[in-house]
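# Pasting a predicted model and its sequence here:
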Amino acid sequence: MDIFSEKISPGKNLLVGFQHVLAMCPGTIAVPLIMGGAMGLDARTTAFLVSANLFTSGIAILIQVFGLSKYIGSRYPIILGSSFAPLAPMIMIGNTYGLPTLFGAIMVSGVLIFLLSFFLDKILMLFPPVVVGTFVTLIGVSLAPTAIQDLAGGAGSSTYGSVQNLLLGFGVLIFIILVEKFGKGIWRAMSLLLGIIGGTVVGAFLGMVDITPIQEASAFRLVTPFYFGAPQFEAGSILIMTIFCIINMIQCIGVFSVLDEIAGTHTDNATKIKGIKAQAVSQVITGAFNSVPSTMFNENVSLIDLTKIKSRSVIATAGVMMLLLGIFPKVSAVITVVPKAVLGGATLALFGVITSSGISILSKLNFFENNNFTIVGTSIAIGVGATFASDIFAGLPSTLSMICSNGLFMVSASAILLNLLLNGSKGLKR
């Protein structure tokens, strides 16, 4: 029996689906907000980018969950949202050539990733457990600072690190852990939602909730394709976007490994290829709808572990909710008023699961064989160094600097190269 076809009640479906939306929205909304600010876009344009982003995330989720054909879509319970991997080049392209060229590059790079997926079975040979485990471990490690900064109030906040933020954030984290430990049935499945709602209520009493975004948001806004004009195509922009979308593809491959650890499944290469094809098709569509490349969210896979509900119907419900949030901005604005400290406490619980999944993959290795000790240790050191000291690459050409300062690219590249260098062809055996 397909473990992702488990039947759950409509009420639980809605509640758990909404938890997935809450878990993914901060990261998904952050990309267009950062992009809009860096490009100097006005508030109305940035708001449209956020709506388009929510709407296209829903499309990407539904394509992944249900598939467009037997060759496109993994049919796995995987959430997709905005990818941070190509954020820097997107800002550069947008500032240099404008939004039509940016969305043109996103669309064409999606086509190129789709074509590359036909050779993915060869590429996957470069990702034995020693490489995947190292990569997944660093994903959790690299996400943790973002969660802890949010818990403290958000980087740059005037109340950053205040006792009030710390108490609220850690209080939410502890509450979620306790509900996960002692809760039963639906209450246990709702641990994240209860933590966020409870934390927001407490935050409101402490004066930490600003409802201005809800009041200012429009009630309805249709997301239309090519809102900024017909896409334009510039070779250099397409090339750099494709490079960073390959990094995003590697991250998506890692998500399947996290899900396998949590759900006890073993995803074959054919399913991974179908998943990457669905992600690539979604990217072409999102570019047409004025949005950014999507990626598979590890934090939502972690939420599956927290709720113990693996049904694809829940993820499909979350996808429909994202579509609705995209066309009803006033509703989506409700999510944005959740205090940063509350979101930080909630996501910290999720990111820890990702790190544990990476460690679990590595724990199955014999560290005294096949140079695993050297490969894992050196690669994580390089990846952590690149993540937290990315300025060391500032002197390189801009494109190379952006690539090398990406810790996930560096950890995967170093693990692959060391595995091939130290183990030769036998390092390709899965």
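Ah, there it is. Residues are numbered from 1 along each chain as shown.
# Only C-alpha atoms from now on, for both contacts and neighbour counts.
Will do.
# can you map out the helices along the stretch 1-150 of the chain?
All helices of the stretch 1-150 of the chain, identified by DSSP state H, counting those that start in this stretch, fall at 10-39, 43-66, 87-97, 99-116, 120-123, 129-151.
# just checking, what packs against the fifth one?
When contacts are defined as 3 or more Cα pairs under 8 Å, 6 or more residues apart in numbering; DSSP states H and E, helix 120-123 packs onto helix 269-288.
# helices or strands up against the helix or strand just after the helix it packs on?
Where DSSP states H and E defines the elements, the next helix or strand beyond helix 269-288 is strand 294-296. Here strand 294-296 is seen to pack against strand 80-82, helix 235-263, helix 269-288 when contacts are counted using 3+ Cα pairs under 8 Å, 6+ apart.
# As JSON lines, the helices of the stretch 1-150 of the chain with mean pLDDT and mean neighbour count would be great.
JSON lines is the format used below for these (pLDDT from 0 to 100; neighbours: other Cα atoms under 10 Å):
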{"stretch": "helix 10-39", "mean pLDDT": "89", "mean neighbour count": "19"}
{"stretch": "helix 43-66", "mean pLDDT": "92", "mean neighbour count": "25"}
{"stretch": "helix 87-97", "mean pLDDT": "90", "mean neighbour count": "18"}
{"stretch": "helix 99-116", "mean pLDDT": "96", "mean neighbour count": "24"}
{"stretch": "helix 120-123", "mean pLDDT": "88", "mean neighbour count": "14"}
{"stretch": "helix 129-151", "mean pLDDT": "88", "mean neighbour count": "24"}
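# Which of those helices sits closest to S291?
helix 43-66 (5.3 Å; Cα to Cα).
# Using PDB, write out every CA atom in that closest one.
Taking C-alpha atoms only, helix 43-66 is exported to PDB below (Å, rounded to 0.1, in the frame of the first residue of the first chain):
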ATOM      1  CA  ALA A  43       5.200  48.900  -2.200                       C
ATOM      2  CA  ARG A  44       2.400  48.000  -4.700                       C
ATOM      3  CA  THR A  45       4.800  46.200  -7.000                       C
ATOM      4  CA  THR A  46       6.400  44.300  -4.200                       C
ATOM      5  CA  ALA A  47       3.000  43.300  -2.800                       C
ATOM      6  CA  PHE A  48       2.100  41.900  -6.300                       C
ATOM      7  CA  LEU A  49       5.300  39.900  -6.300                       C
ATOM      8  CA  VAL A  50       4.400  38.400  -2.900                       C
ATOM      9  CA  SER A  51       0.900  37.500  -4.200                       C
ATOM     10  CA  ALA A  52       2.300  36.000  -7.400                       C
ATOM     11  CA  ASN A  53       4.800  34.000  -5.300                       C
ATOM     12  CA  LEU A  54       2.100  32.500  -3.000                       C
ATOM     13  CA  PHE A  55      -0.100  31.700  -6.000                       C
ATOM     14  CA  THR A  56       2.700  30.000  -8.000                       C
ATOM     15  CA  SER A  57       3.900  28.000  -5.000                       C
ATOM     16  CA  GLY A  58       0.400  26.500  -4.900                       C
ATOM     17  CA  ILE A  59       0.700  25.500  -8.500                       C
ATOM     18  CA  ALA A  60       4.100  24.000  -7.900                       C
ATOM     19  CA  ILE A  61       2.800  22.000  -5.000                       C
ATOM     20  CA  LEU A  62      -0.100  20.600  -6.900                       C
ATOM     21  CA  ILE A  63       2.000  19.600  -9.900                       C
ATOM     22  CA  GLN A  64       4.400  17.800  -7.600                       C
ATOM     23  CA  VAL A  65       1.700  16.000  -5.600                       C
ATOM     24  CA  PHE A  66      -0.600  15.000  -8.400                       C
END
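# what's the angle from the helix or strand where A413 lies to helix 235-263?
Per DSSP H and E, A413 falls inside helix 407-423. Angle, helix 407-423 to helix 235-263, by axes from the mean of the first three to the mean of the last three Cα atoms, to 10 degrees: 80 degrees.
# Could you check helix 407-423 and say which residues are buried?
Buried residues in helix 407-423, counting neighbours by 16 or more other Cα atoms under 10 Å, are found at 407-419.
# ok, so of those residues, who is nearest L306?
Of all those, L306 sits closest to L408, with 24.8 Å by Cα to Cα.
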